[in-house]
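Student: next input, structure requested:
(2 chains)
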Protein chains: 2
Amino acid sequence: MLKIDFKNMFSAAVGDEGGLTTTDIAAIDKSTAAAHEKLQEWRRTQDAIFYDIVSDTRILEGIPEAAKEISSRFDEFVVLGIGGSALGLRCASAALLPPYWNLRSKEQRGGKPRLFVCDNIDPETFAGLLDLVDIKRTCFAVISKSGTTTETASQFLVVLERLKRTVGEKWREHLVIITDPERGELRPMVRAEKLRSFAIPPKLGGRFSVLSAVGLLPAACAGMDIEGLVAGARSMASRCAAASLETNPAYQIGAYHHYLDTRKRKAISVMIPYSDALMLASDWYSQLWAESLGKQGHGQTPVKALGSTDQHSQVQLYMEGPKDKIFTFVGVESFRIDDKATRVSGADKAFSYIEGKDLGTILRAEQHATTEALARAGRPSLTVTFPTIDAHHLGEFFMLYETATAYAGALYGINPFDQPGVEMGKKLTKEILTKG
Amino acid sequence: MLKIDFKNMFSAAVGDEGGLTTTDIAAIDKSTAAAHEKLQEWRRTQDAIFYDIVSDTRILEGIPEAAKEISSRFDEFVVLGIGGSALGLRCASAALLPPYWNLRSKEQRGGKPRLFVCDNIDPETFAGLLDLVDIKRTCFAVISKSGTTTETASQFLVVLERLKRTVGEKWREHLVIITDPERGELRPMVRAEKLRSFAIPPKLGGRFSVLSAVGLLPAACAGMDIEGLVAGARSMASRCAAASLETNPAYQIGAYHHYLDTRKRKAISVMIPYSDALMLASDWYSQLWAESLGKQGHGQTPVKALGSTDQHSQVQLYMEGPKDKIFTFVGVESFRIDDKATRVSGADKAFSYIEGKDLGTILRAEQHATTEALARAGRPSLTVTFPTIDAHHLGEFFMLYETATAYAGALYGINPFDQPGVEMGKKLTKEILTKG
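Tutor: Purely as a prediction, here's the structure:
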């Protein structure tokens, strides 16, 4: 079970300026009942369907079978998708696949395909990828609920032409389409061409979609434990069900961030995993937090960092810059590797403090030291600890932050499930391309 | 030559609340002479030595020869370094090596080694790397000016033990040490063991060091054009030499950011490259900006983004969230690939606006649309355009931002070359490890 420690959020640890006092907590708790009720309303209207899909026994329907078929037939699995259609999967892959997955031999990958997530339309990278993979051995997953996403449509059309040119009539077998069950631009093609496909629940937004076929089908193709992801999410959903600030960690995260942002000028939320495998957890969180809450003049700006690396690039600012930040440390208790493999030996006097220590121990020491240094400098933080990195704990993490985000939306009094601010850019893009 | 466009910084484009008026510009320009003089003083004291090293004809001394020897003998080049010892190189590699470098065959790499930059001590990744590479065919570069960096020392000691165990007495041949020319923990070992080594100018800080042996030796080993990098930096140094706000782009960048931060509450600086190859330019910039300027309660918080990917994760916040941001778009005029390779064809009616367009054109349209949408929403930005991505333009970019950062430091009235705020964390780390 994930451990969540709020100690350094409170004034006892970080002082009254940056920390929450008992008066603050009492003020915060006055909103709990109404915000909880708002969440229940969003569940009834299916806006918060992210919370309930993990209890649906059909969530994995057809996925293991399709994944087995795909991974036995193909050496490369390429995802075409952007934003919410890509970030959850990228985060899960970094966390759950062994490091350097795509550099391993097929045997070292247990026969599973390499995994490429194309979440940009950079022409150099995209052409580089199409040159790198053997198209005849590649399955492409096209992920877009509406099917109207310009980037994904562009990638798909380039791939489709290449596929038809390379494998002829067999092009259909190289595709899996993940899209709206009924509507959108992709579903008619799925029907007409009888393509493999999976459905995205119509009211499920991209940034809340990692625990649907969007994340789960590709994850399964690469051999990740999708049952574990869903089970972890389900257990966190129970843990975050109560209308209680005291016992509900998602409500605490949402409420403390909202209060410190609106009442104590903490406009920035920094997430710092101390683990390469969890690095993209902060990218995933950043999308969720920014796109859900950044509206009507509200919204903390999420910042991604990585420990201990960014101690050497950002911590100077965090320690001595403006007091406008809340920090979230994400730590790991036990790494998935024998400590002996990275044990330091032969240190001379200057480094006697690391002699006999393994890199995991040193990394955790860096994390605890930075947490403590920030607390002493009056900067509030919370710490989420993975006992170890696995699918269950990652599933918990996803559900924890999805619930916290929705709850914060209720407190800000905004709709955390829409994104009206991106329409102007989409309109202008079409105008430029139509003219150009 | 890099193009730098400030149009959307001004009130004519973004309104008076977020943009600079003629009154603002006049106020800003009053500081030009004094800040320029401060920079000249820092050059005399060698604090700003970053500016002058590129005119030193000895800057490349010995590097091409060593790189040639190393890259002909080894298949893998692994850098052990963190923060400033890694970020510039990581940025240059992403920009200047073809995509998927480490997935290419040796032949496709022109015989050059794969390149791994280990800038963290995550035990899973580090052990994974040591399993992945063939130690007998690997050269390790150890980069630390003081030699006292805990992370780098830990990595080095783990590697040293592994090297000695695997190649015996030949371990020395597998190392290159980049460190202070006289002092520090590494230099005595270099002397005693007669190791390959390069010197870091003693007053050159890590975050300003990419154009010294720190960045140039590894870059040369992977076959990057280091002469181009230095020549580009040199030409930008000339372009940024004048004590004139009007003609000096580094002074404009530094001054506009400082003014909008301190006078118009733009506490956040977002950099968004529209190019995968330039993605890490914003990581490199973030370190430079944060660690140099984040002190005495000052300092904008840099935020890294990537276009068009983050249009689907951050732009909602940028458009409708708090008006606390300045944006820097980094664009590319001409990608290093035939447009035909990524041309869209076969689009149906819904996508007629992309029919016949290549991904580069679509990506640029996304960039221009987002720039315009933000301007219409009253959010100021500037745009740096690479005519194409190459070593010369990247060298220009490095020098532009190093100079802008130093200049901003002068305007904030702080020392942009130190980092006192990281000492507490280092002290606590040692305490924890000594006790533990």
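
Student: these two touch, right, residue A:147 and residue A:186?
Tutor: Yes - Residue A:147 lies in contact with residue A:186 (CB atoms under 8 Å); the separation is 3.6 Å. From N, CA and C alone the C-beta is placed, and that goes for glycine too.

Student: got any residues that touch both of the two?
Tutor: Residues touching both residue A:147 and residue A:186 by CB atoms under 8 Å, 6 or more residues apart in numbering or on different chains: A:179-180.

Student: please name the nearest non-neighbouring residue to residue A:120.
Tutor: In this structure, residue A:120 finds its nearest non-sequential neighbour in residue B:309, 4.7 Å apart by CB to CB, 6 or more residues apart in numbering or on different chains.

Student: okay, now the one you found: neighbour count?
Tutor: Applying other CB atoms under 10 Å in any protein chain shown, we find 26 residues neighbouring residue B:309.

Student: show me the contacts for it.
Tutor: Counting by CB under 8 Å, 6+ apart, residue B:309 has contacts A:82-83, A:86, A:119-120.

Student: tell me how far the residue of chain A positioned farthest from its centre lies from residue A:3.
Tutor: Distance from the C-alpha centroid of chain A, by CA atoms, centre = their mean, peaks at residue A:349 (42.4 Å). Per CB to CB, to the nearest Å, residue A:349 is found 37 Å from residue A:3.

Student: ditto for residue A:333
Tutor: Here the criterion is CB to CB. By it, residue A:333 lies 8 Å from residue A:3.

Student: give me the common contacts of those two.
Tutor: In contact with both residue A:333 and residue A:3: A:385, A:387, using CB under 8 Å, 6+ apart.

Student: which residue would be the closest one in the stretch 51-200 of chain A to chain B?
Tutor: Residue of the stretch 51-200 of chain A nearest chain B, by CB to the nearest CB: residue A:83 (2.6 Å).

Student: quick check: longest strand of chain A.
Tutor: For chain A, the strand with the greatest residue count under DSSP state E is strand A:325-332.

Student: skip ahead from that strand and say which helix or strand is next.
Tutor: Counting by DSSP states H and E, the next helix or strand C-terminal to strand A:325-332 is helix A:359-376.

Student: residues in the stretch 51-200 of chain A within reach of chain B, list them.
Tutor: Proximity of the stretch 51-200 of chain A to chain B, by CB under 8 Å from any CB of the partner chain, involves residues A:82-84, A:86-87, A:98-100, A:102-104, A:119-130, A:132, A:148-151, A:153-155, A:157-158, A:160-161, A:185.

Student: other SSEs contacting the longest helix anywhere in chain A?
Tutor: Ranked by residue count, the top helix of chain A under DSSP state H comes out as helix A:391-412. Helix A:391-412 is packed against helix A:32-44, helix A:49-53, helix A:87-96, helix A:226-239, helix A:249-264, helix A:279-293, strand A:381-386, with contacts defined by 3 or more CB pairs under 8 Å, 6 or more residues apart in numbering or on different chains; DSSP states H and E.

Student: show the subsequent helix or strand relative to it.
Tutor: Downstream of helix A:391-412, the first helix or strand assigned by DSSP H and E is helix A:423-435.

Student: show residues contacting that next one.
Tutor: A:150, B:311, B:315, B:319, B:353-354, B:357, B:361-362, B:365-366, B:368-370, B:372-373, B:376-377.

Student: so how do I select the buried members of these in ChimeraX?
Tutor: A single ChimeraX command selects the buried members of the contacts of helix A:423-435 (16 or more other CB atoms under 10 Å in any protein chain shown):
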select /A:150 /B:311,315,319,353,354,357,361,362,365,366,368,369,370,372,373,377
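
Student: got the buried residues for stretch A:31-41?
Tutor: Quick answer for stretch A:31-41 (16+ other CB under 10 Å): A:31-32, A:35-36, A:38-39.

Student: measure the spatially most central residue of chain A to residue A:88 for me?
Tutor: Nearest to the mean C-alpha position of chain A, by CA atoms, centre = their mean, lies residue A:284 at 2.9 Å. Residue A:284 is 6 Å from residue A:88, where distance means CB to CB.

Student: can you list residues touching both of the two?
Tutor: Common contacts of residue A:284 and residue A:88, defined by CB under 8 Å, 6+ apart, comprise A:210, A:398.

Student: which stretches of chain A have low pLDDT?
Tutor: Counting by pLDDT under 70, chain A contains no low-confidence residues.

Student: can you list the domains in it?
Tutor: Chain A is divided into the following domains under automatic domain parsing: A:3-43+A:230-417, A:62-224.

Student: make JSON lines from those domains and add distance to residue B:51 to it.
Tutor: Shown next, in JSON lines, are the domains of chain A (distance: least, CB to CB, whole Å):
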{"stretch": "domain A:3-43+A:230-417", "distance to residue B:51": "21"}
{"stretch": "domain A:62-224", "distance to residue B:51": "31"}
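
Student: can you count the residues close to the spatially closest residue to residue A:327 that is not a sequence neighbour?
Tutor: Residue nearest to residue A:327 in three dimensions, not counting chain neighbours: residue A:381, with 3.7 Å by CB to CB, 6+ apart. By other CB under 10 Å, 26 other residues sit near residue A:381.

Student: what sits against residue A:381?
Tutor: The contact partners of residue A:381, by CB under 8 Å, 6+ apart, come to A:8-9, A:14, A:326-329, A:371, A:374-375.

Student: write a ChimeraX command that selects only the buried members of these.
Tutor: In ChimeraX syntax, the buried subset of those is picked out as below (16+ other CB under 10 Å):
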select /A:8,9,14,326,327,328,329,371,374,375
